[in-house]
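Here you go, sequence then predicted model.
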There are 2 protein chains.
Amino acid sequence: MFDIQRYPQINPPQRLLMGPGPINADPRALRAMASPLIGQYDPAMTGYMNEVMALWREIFRTQNRWTMLVDGTSRAGIEAILLSAIRPGDRVLVPVFGRFGHLLCEIARRCRAEVRSIDVPWGEVFSPQQIEDAIKRVRPRLLLTVHGDTSTTLLQPLDELGDICRRYGVLFYTDATASLGGNELDTDGWGLDAVSAGLQKCLGGPSGSSPVTLSPRMEEVIRRRRRVEQGIRNDSHYDGDDEIIYSNYFDLGMIMDYWGPERLNHHTEATSMLFAARECARIILEEGLDNTLARHALHGRALAAGIQGMGLDTFGSPAHRMSNVLGVVIPAQVHGEAVRQRLLEDFHIEIGTSFGPLQGKIWRIGTMGYNARKDCVLQTLAALEAVLNRLGLKTVQGAAMQAAWDIYDSAGR
Amino acid sequence: MFDIQRYPQINPPQRLLMGPGPINADPRALRAMASPLIGQYDPAMTGYMNEVMALWREIFRTQNRWTMLVDGTSRAGIEAILLSAIRPGDRVLVPVFGRFGHLLCEIARRCRAEVRSIDVPWGEVFSPQQIEDAIKRVRPRLLLTVHGDTSTTLLQPLDELGDICRRYGVLFYTDATASLGGNELDTDGWGLDAVSAGLQKCLGGPSGSSPVTLSPRMEEVIRRRRRVEQGIRNDSHYDGDDEIIYSNYFDLGMIMDYWGPERLNHHTEATSMLFAARECARIILEEGLDNTLARHALHGRALAAGIQGMGLDTFGSPAHRMSNVLGVVIPAQVHGEAVRQRLLEDFHIEIGTSFGPLQGKIWRIGTMGYNARKDCVLQTLAALEAVLNRLGLKTVQGAAMQAAWDIYDSAGR
């Protein structure tokens, strides 16, 4: 017998989310979602949609007209771009340096692409030369990259790849879910044709809306498919034409017609998520994007200094680390999951585990978005040290905190 | 030069949304979204996911284990089911009685189905016999139906179709986006294999989360594809196997593994939308689903009586009307859009326009979810009558309101 009394009003525990994301959303973003709804074609609504486009152009550092939201999680934005850009049989190149590179391969395969990947061990990234060599060898139509891969905590340099892609006539996409807002990303300056993101990392919001931006070159690729598809839309069954996108929901041609002045009806906008996405961008631009980037860099440095001050090793080359997620080598004397569990239960602080080749080897500690703050970093360091001590691992008393404080002091923060 | 001052905090106008949806969300659902976030595998989070499954089983009237959320709008749920169930070349039958039937055809075509449709004029629905005859003729693998189609305001009877589908070995799906919670729907009793919905109609929430339920039969169809797909997942490129689902995001096999005890990582849950979906179900079950259905029926009747008391004609046979959206024939003396505009500007009340064969012929007035209330109905009737009078259309003074009050009085409300 169903008993509604067993389902009280929602009341989640207060956690400090210092893993690789999602993190605690900025309360202003959460409150924006509680705003009353308005109709889909209310002038107030279409006005907000236009504002969202303008605000996110700034975050992506782009003039791209088609800068908008896909209604779903960050993975929805990835899939919308891949499904809309890849025709069955297209060859794509994916440099894989962590889990999310494998995801791009997997999605591209489902788009019936011919997927070619190159690999480096987890903990390394690719040089531009390695990627250019692979492009020369593979001759792909698209280069699919991950900017920051939280599985390894590393950041793939992208700034030289746009020129390479132009030279070989390759479309250039990056998944910036984990990096955008916390690490420099220059869509236009780097020659990116498509970028997708999610709100739940450095952007300080909840998962559920995926900002994307498309270059004019990418727009033309998508519009050409749409023109073909419209010509045969009324056929009674599949005629084998590879131009038809395998999705209505993720058809960026339709989504452009919905965000553009045509306002052609598509999905029913996830208005509350759109309000959150607008607020996330607004908060960053109020701080100033450069300041937001500097804030992530500062707190990332302080976290790393504190970890090292505790006598622990950090993972990956500092030259290629994301500012917002730090890999911490789990010391041999403790069990990684026991530490995580005690942090969660006793301190309500969540840090990340790892998987794949790094399983059991590193923790991943994030300091991003709303949680790229001094108090979050210091609380996490103090709690982690206390748990390690309790589990029998000795540290030099005060050294970890002092190392972090030194960073803050020298930055005047 | 970008000027953040031009983008103040969000502040949408207060509207009374009495169109075909989205409608004003219940403030409790909006507030649930402002709850703090928790980690994806936090015991509190997986607990909430299990609760969501239990609550929505009650709303769908089902024992189906796989009753869960797709992260996206109602269209995302439709597409997840169609992409996961339809293999390229599968024959599907779609009885089309309005716009959303055409949408099912369109999505099924993109899944490379062989799509066969049957049609009735907008304003009618199908008899079970008509559908059985078509099944006998077409011999489809799936029957794709719309339960309530807001474009015509009509409700397709589904209660006899499950037996028919069983007899011919057909999988039976319905899109209940516009009907669920406001019109009887009995997933198990009617033999449905898959149902999808959205929060933004009778369920009283915002768009952005799509509850779905899958029968054991549908589960087996999806799991079989997943088994095949897992066998070839590591191939370097597409080998032509039609069992691979054309989407990672909408692969219900993966989504089951994420909601099930395996908790295999898939997308990053849109936690705030999940909180809203939980609250929407909770609110209905607190009222009691039968009471919620009766409430929609009562206010739908009162609205229709008031409209008729105003001397206006309602659209479609009362035997097949949805309880929650009423078609109102636009009187010849006024311009439909002028009336809608004045209602929105002067009263902040939104009613719906129409499209397709009904464009310019009817308004669509909704009374559903949080807005299935006496005050909403009476405000809308009074405002509409005032606007019509102002635009020169005479009505019998007091008759419309009296007709609605009579309904409420006789129901003791």
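Perfect, I can see it now. Here the structure is a predicted model, which means the values were calculated and not measured.

Show the end-to-end separation of stretch A:56-71, please.
Using Cα to Cα, to the nearest Å, one end of stretch A:56-71 lies 15 Å from the other.

pLDDT on it, on average?
Averaged across stretch A:56-71, the pLDDT comes to 98.

mind listing what residue A:333 touches?
A:391-393 (Cβ atoms under 8 Å, 6 or more residues apart in numbering or on different chains). Just so you know, the C-beta spots here come from the backbone N, C-alpha and C atoms, and that holds for glycine as well.

Look up how far residue A:312 lies from it.
From residue A:333 across to residue A:312, the span is 11 Å (Cβ to Cβ, to the nearest Å).

what residue ranges in the stretch 201-350 of chain A score low on pLDDT?
Applying pLDDT under 70 to the stretch 201-350 of chain A flags the ranges A:229-242.

who's in contact with residue A:407?
Residues counted as contacts of residue A:407 (Cβ under 8 Å, 6+ apart) are A:298, A:301-302, A:305.

May I see the PyMOL selection of the buried members of the contacts of residue A:333?
In PyMOL, a selection of the buried entries from the contacts of residue A:333 looks like this (16 or more other Cβ atoms under 10 Å in any protein chain shown):
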select buried, chain A and resi 393
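
Save the contacts of residue A:333 as a markdown table, and put in pLDDT and distance to chain B too.
Output for the contacts of residue A:333, formatted as a markdown table (pLDDT from 0 to 100; distance: Cβ to the nearest Cβ, whole Å):
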| residue | pLDDT | distance to chain B |
| --- | --- | --- |
| A:391 | 96 | 21 |
| A:392 | 95 | 26 |
| A:393 | 96 | 24 |
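
Which of the contacts of residue A:333 sits closest to residue B:345?
Proximity of these to residue B:345 (Cβ to Cβ) peaks at residue A:391, which lies at 66.1 Å.

wait, doesn't that closest one sit right on residue A:334?
Yes - counting by Cβ atoms under 8 Å, residue A:391 touches residue A:334, with 5.0 Å between them.

so residue A:363, which of the three states?
Three-state assignment for residue A:363 (DSSP: H, G, I helix; E, B strand; the rest coil): strand.

And it, what's its pLDDT?
pLDDT at residue A:363 comes out at 98.

State the number of residues packed around it.
Neighbour count of residue A:363, defined by other Cβ atoms under 10 Å in any protein chain shown: 26.

Quick check: chain neighbours aside, which residue is closest to residue A:75?
residue B:267 (4.6 Å; Cβ to Cβ, 6 or more residues apart in numbering or on different chains).

and the gap between the one you found and residue A:300?
26 Å.

do you know how far the spatially closest residue to residue A:282 that is not a sequence neighbour is from residue A:283?
Leaving aside its chain neighbours, residue A:282 sits nearest to residue B:7 (5.3 Å; criterion: Cβ to Cβ, 6+ apart). Here the criterion is Cβ to Cβ. By it, residue B:7 lies 10 Å from residue A:283.

For residue B:130, state which of the contacts of residue A:333 is nearest.
residue A:391 (70.6 Å).

which residues does the closest residue to residue A:130 other than its chain neighbours contact?
Of all residues not flanking residue A:130 in the chain, residue A:118 sits nearest, at 6.9 Å (Cβ to Cβ, 6+ apart). Applying Cβ under 8 Å, 6+ apart, we find residue A:118 in contact with A:93-96, A:126, A:130-131, A:134.

Which pLDDT value goes with residue A:118?
Predicted confidence (pLDDT) for residue A:118: 98.

Ramachandran angles for it?
phi -120, psi 150 (degrees, to the nearest 10).

Mind listing the residues bridging to it?
residue A:95 (DSSP bridges).

and it, how far is that from chain B?
Distance, residue A:118 to chain B, using Cβ to the nearest Cβ, to the nearest Å: 12 Å.

Likewise for residue A:329?
22 Å.

try residue A:149
From residue A:149 to chain B the distance is 14 Å (Cβ to the nearest Cβ).

and what of residue A:96?
12 Å.

residues touching residue A:23, list them.
Contacts of residue A:23 by Cβ under 8 Å, 6+ apart are A:17, A:200-201, A:204, A:366, A:368-371, B:37.

Is it in a helix, a strand, or coil?
Criterion first, three-state DSSP; result for residue A:23: coil.

so the spatially most central residue of chain A, which of the three states?
For chain A, residue A:177 is the residue whose C-alpha lies nearest the centre (Cα atoms, centre = their mean; 1.2 Å). Secondary structure, three-state DSSP: residue A:177 is coil.

Excluding sequence neighbours, find me the nearest residue to it.
residue A:74 (4.1 Å).

That neighbour and residue B:38, how far apart?
In terms of Cβ to Cβ, residue A:74 sits 18 Å off from residue B:38.

can you list the domains in chain A?
A:27-284, A:289-410 (automatic domain parsing).

who wins for proximity to residue B:22 among these?
Judging those by Cβ to Cβ, what sits closest to residue B:22 is domain A:27-284, at 5.8 Å.

mind checking how far the closest one is from the chain centre?
11 Å (Cα atoms, centre = their mean, to the nearest Å).

Now look at stretch A:334-342 and say if it contacts chain B.
No - Stretch A:334-342 lies out of reach of chain B by Cβ under 8 Å from any Cβ of the partner chain, never closer than 10.4 Å.

Identify each buried residue in that stretch, please.
Neighbour counts over stretch A:334-342 (16+ other Cβ under 10 Å) mark A:334, A:336, A:339-340, A:342 as buried.
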